[in-house]
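> dropping a prediction and its sequence here:
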Amino acid sequence: MKEIERIIALSNAFGPSGFEDEVSKLVKDELKGFDNLKEDKMRNVTCVVNPKGKGPKVMLDAHLDEVGLIVQAVKPNGTMNFLTLGRIMPPNLPSSSFKIRNKEGVDIPAVVAAKPPHFTSAKERDAAPQIENMVLDCGSVSQKMTEEVYKVGIASPAVPNINCIYDEENRLFFGKAFDCRIGVAAEIETLKRLKGKKLPCVVQGSFAAQEEVGDRGVYCNYKELKPDVMICFEGCPADDTFQDPYMVQAALYKGPMLRHFDVSMITHPRFQKFALDLARKKNIPVQESVRSGGGTNAGRIHQEGVPCIVIGIPVRYIHSSNCYCTLDDYEAAVHLAVELAQALSQEVVDSF
């Protein structure tokens with residue numbers, strides 16, 4: 001199935017914030033033949049399904065980047081200090097395998113290392129892990145070896161070293177970067193399904209860089225496309241393995257999550273209601289949430305007065321090296337987005 005292959009390829013692609021080149025190329029290859037297909041110098045990608053269409057301009061958006069690491073300095077013993085690209089919980093890092101892209105574009109395997117328990121004091125063992133007490137280790141024994149043999153140095157980026165696998169029986173993906181590559185895949189498929197259809201709106205594709213470090217790329221796309229409304233695809237944090245049952249709002253196999261609130265946005269209530277009503281009318285499973293943390297590209301664009309909603313595909317353990325998401329939730333997200341694009345007439349958008 002082409003869609004499964006696409007999701008796997010997007011998950012495996014190397015693309016931490018600021019280094020999205022590989023992901024941008026995949027997106028452009030998938031969208032060959034679309035009108036106004038562009039990649040800017042920031043690696044944002046945009047296109048239009050029906051540029052000669054009439055009605056409101058509807059921007060679909062997903063972000064290209066994933067959380068990762070960046071080398072800050074190489075130590076005399078060959079290990080490396082690093083910072084995170086995006087928010088990663090420090091306890092998730094020790095013993096994680098990463099691949100560092102070196103100065104020649106070659107991926108070098110490495111591990112995040114912390115001081116072994118044999119050498120720690122009782123105070124150190126009881127303390128919460130801190131990134132400043134960790135290093136990246138590629139097996140080098142000197143600064144010279146790291147820089148001259150492995151060709152790794154200051155500003156070399158890194159992502160989790162894991163290959164995506166698909167469990168066909170349970171329609172389950174296991175891999176990295178589903179925040180937001182599963183959203184990227186859903187947007188690509190939505191655009192493909194809408195191409196050639198008679199629509200009441202002009203559908204625009206936005207694939208944005210550097211979301212994880214401050215929603216930077218989406219604003220460039222907003223200025224390029226000037227949309228009237230926005231549908232933001234996300235890989236949203238699933239909460240079904242650690243919340244009380246009554247608090248679970250983003251479970252696997254229950255459909256995409258439409259969030260009413262997070263720290264970046266109070267979702268436009270009229271657009272949100274329209275989307276939820278349409279989902280129920282079309283028998284598309286959806287979940288609703290009110291989130292105490294997190295944010296999306298929609299949070300940046302709604303500040304421009306653009307009604308926005310978020311279609312979040314639940315992902316277990318986002319911002320870590322090992323994530324799960326399902327084909328069922330992906331398909332429901334695509335179904336909902338296609339139905340919305342076919343329903344967002346000028347009259348409907350004016351009602352918002």
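Received the coordinates, thanks. Numbers count the residues shown, from 1 in each chain.

> Ile301 is in contact with Cys220, isn't it?
No - Ile301 sits out of contact with Cys220 when judged by C-beta atoms under 8 Å, with a separation of 11.3 Å. All C-beta spots, glycine's among them, are computed from the backbone N, C-alpha and C.

> among the two, which residue is more densely surrounded?
Applying other C-beta atoms under 10 Å to Ile301 and Cys220 shows that Ile301 carries more neighbours, namely 26 against 18.

> quick check: the gap between the more buried one and Ala209.
15 Å (C-beta to C-beta, to the nearest Å).

> am I right that Ile309 sits in a strand?
Yes - Ile309: assigned to a strand according to DSSP: H, G, I helix; E, B strand; the rest coil.

> list the contacts of Ile266.
His260 (C-beta atoms under 8 Å, 6 or more residues apart in numbering).

> can you give me the pLDDT of it?
Ile266 is assigned a predicted lDDT (pLDDT) of 97.

> please report the distance of it from Arg291.
11 Å.

> mind pulling up the pLDDT for Gln130?
pLDDT, read off for Gln130, is 89.

> which residues are in contact with it?
Pro90.

> could you check how far it is from Ile188?
Applying C-beta to C-beta to Gln130 and Ile188 gives a distance of 39 Å.

> again with Glu39
From Glu39 to Ile188 the distance is 15 Å (C-beta to C-beta).

> neighbour count winner among the two?
Ile188 (24 against 18).

> would you mind listing the buried residues in the helix or strand where the more buried one lies?
Ile188 belongs to helix 178-194 when assigned by DSSP states H and E. Buried residues in helix 178-194, counted by 16 or more other C-beta atoms under 10 Å: 178-194.

> show the average pLDDT along that helix.
98.

> output the lowest mean pLDDT helix or strand found in this protein.
When the helices and strands of the chain are scored by mean pLDDT, DSSP states H and E, helix 122-126 comes last with a mean of 72.

> that one: how far from the chain's middle?
Distance, stretch centre to chain centre, for helix 122-126: 35 Å (C-alpha atoms, centre = their mean, to the nearest Å).

> ok, now stretch 243-255?
Using C-alpha atoms, centre = their mean, the offset of stretch 243-255 from its chain centre is 20 Å.

> before we move on, back to that, what's the helix holding Ile188 packed up against?
helix 2-12, helix 21-30, strand 57-63, strand 202-208, strand 229-237, strand 308-315, strand 323-326, helix 327-341 (3 or more C-beta pairs under 8 Å, 6 or more residues apart in numbering; DSSP states H and E).

> quick check: angle from the fourth one to helix 178-194?
Angle between the axes of strand 202-208 and helix 178-194 is 160 degrees (criterion: axes from the mean of the first three to the mean of the last three C-alpha atoms, to 10 degrees).

> next secondary structure after strand 202-208?
That would be, after strand 202-208 and using DSSP H and E, helix 217-225.

> mind listing what's buried along that following helix?
Under the neighbour-count rule (16+ other C-beta under 10 Å), helix 217-225 has Gly217, Val218, Tyr219, Cys220, Asn221, Tyr222, Glu224, Leu225 buried.

> which residue, other than its chain neighbours, is closest to the fourth one?
Put plainly, it is Cys220. Asn44 (5.3 Å; C-beta to C-beta, 6 or more residues apart in numbering).

> any idea how far Ser289 is from the one you found?
Taken as C-beta to C-beta, the span from Asn44 to Ser289 is 27 Å.

> how close does Leu276 get to Ile266?
Distance of Leu276 to Ile266, given as C-beta to C-beta: 15 Å.

> ok, Val306 next?
Applying C-beta to C-beta to Val306 and Ile266 gives a distance of 14 Å.

> go on, Val334?
Taken as C-beta to C-beta, the span from Val334 to Ile266 is 26 Å.

> got the helices and strands packed on helix 178-194 as JSON lines, with mean pLDDT columns?
Shown next, in JSON lines, are the helices and strands packed on helix 178-194 (pLDDT from 0 to 100):
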{"stretch": "helix 2-12", "mean pLDDT": "98"}
{"stretch": "helix 21-30", "mean pLDDT": "98"}
{"stretch": "strand 57-63", "mean pLDDT": "98"}
{"stretch": "strand 202-208", "mean pLDDT": "98"}
{"stretch": "strand 229-237", "mean pLDDT": "97"}
{"stretch": "strand 308-315", "mean pLDDT": "98"}
{"stretch": "strand 323-326", "mean pLDDT": "98"}
{"stretch": "helix 327-341", "mean pLDDT": "98"}
